[in-house]
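S.K.: When you get a sec, could you give me coordinates for this:
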Amino acid sequence: SLVSTSVTFFHLGGLLLGGGCAVAADRMTLRLRPANSARFRAHLQELHGMHRPVGLGLALTFASGVLMLAADLPTYLPSALFWFKMGLIAVLLGNGLVLRRSEMALRFGWADQERGWRRLQRAARASLALWFGSLLLGTALLAA
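M.R.: I've put the predicted structure just below:
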């Protein structure tokens with residue numbers, strides 16, 4: 001149906017927008033070294049600009065996910081896989097806060113650059129794993 005197709009589109013579109021921007025930003029974070037101050041500062045500005053599209057993508061994915069859940073409560077509510085995915089999403093959101101706080105601390109000079117950069121890179125690695133892990137679990141949930 002048109003409604004089902006639209007909800008699925010917004011769910012996958014939100015994932016593509018939020019996850020795509022996050023994966024690109026994480027990749028840049030893992031490749032860059034803070035020794036080049038100009039590139040480092042530009043990267044922190046770029047990371048700051050990524051928060052909005054990632055948040056929008058997450059909001060679209062969340063809203064459409066709620067609609068998908070509401071359409072089939074008897075299937076999803078008792079599913080351990082569903083709850084594991086929700087837990088992973090909660091960890092992803094928490095890690096996003098760590099990324100944002102780390103970026104801000106580095107951008108405004110609130111943190112030691114080397115320690116702050118290591119924290120940002122750890123969070124970027126975790127972000128990659130969490131985005132792909134949630135995609136895997138969502139795919140498994142659809143197949144179940």
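
S.K.: From Ala143, how far off is the closest residue to Phe82 other than its chain neighbours?
M.R.: Leaving out its chain neighbours, the residue that sits closest to Phe82 by CB to CB, 6 or more residues apart in numbering is Tyr76, at 4.6 Å. For the C-beta atoms, the positions are set from N, CA and C on the backbone; glycine is no exception. Tyr76 sits 14 Å away from Ala143, going by CB to CB, to the nearest Å.

S.K.: and the two? which has more neighbours close in?
M.R.: Higher neighbour count among Tyr76 and Ala143: Tyr76, with 19 against 7, using other CB atoms under 10 Å.

S.K.: could you pull out the strands for the protein?
M.R.: In the chain, no strands are defined using DSSP state E.

S.K.: excluding its backbone neighbours, what's nearest Leu60?
M.R.: Gly14 (3.0 Å).

S.K.: same deal with His51?
M.R.: Nearest one to His51, counting by CB to CB, 6+ apart, is Arg100 at 6.0 Å.

S.K.: And the pLDDT for that neighbour?
M.R.: On pLDDT, Arg100 comes in at 95.

S.K.: Count the neighbours of it for me.
M.R.: Neighbour number of Arg100 under other CB under 10 Å is 17.

S.K.: What of Ser4?
M.R.: Counted with other CB under 10 Å, Ser4 comes out at 11.

S.K.: Show me the longest helix that occurs in this protein.
M.R.: In the chain, assigned by DSSP state H, the helix with the most residues is helix 37-71.

S.K.: Could you check how far that one is from the centre of its chain?
M.R.: Computed by CA atoms, centre = their mean, to the nearest Å, the chain-centroid distance of helix 37-71 equals 6 Å.

S.K.: follow-up on the earlier one: tell me who's in contact with the residue nearest to Phe82.
M.R.: Under the criterion of CB atoms under 8 Å, 6 or more residues apart in numbering, the neighbours of Tyr76 are Met68, Leu69, Phe82, Leu141.
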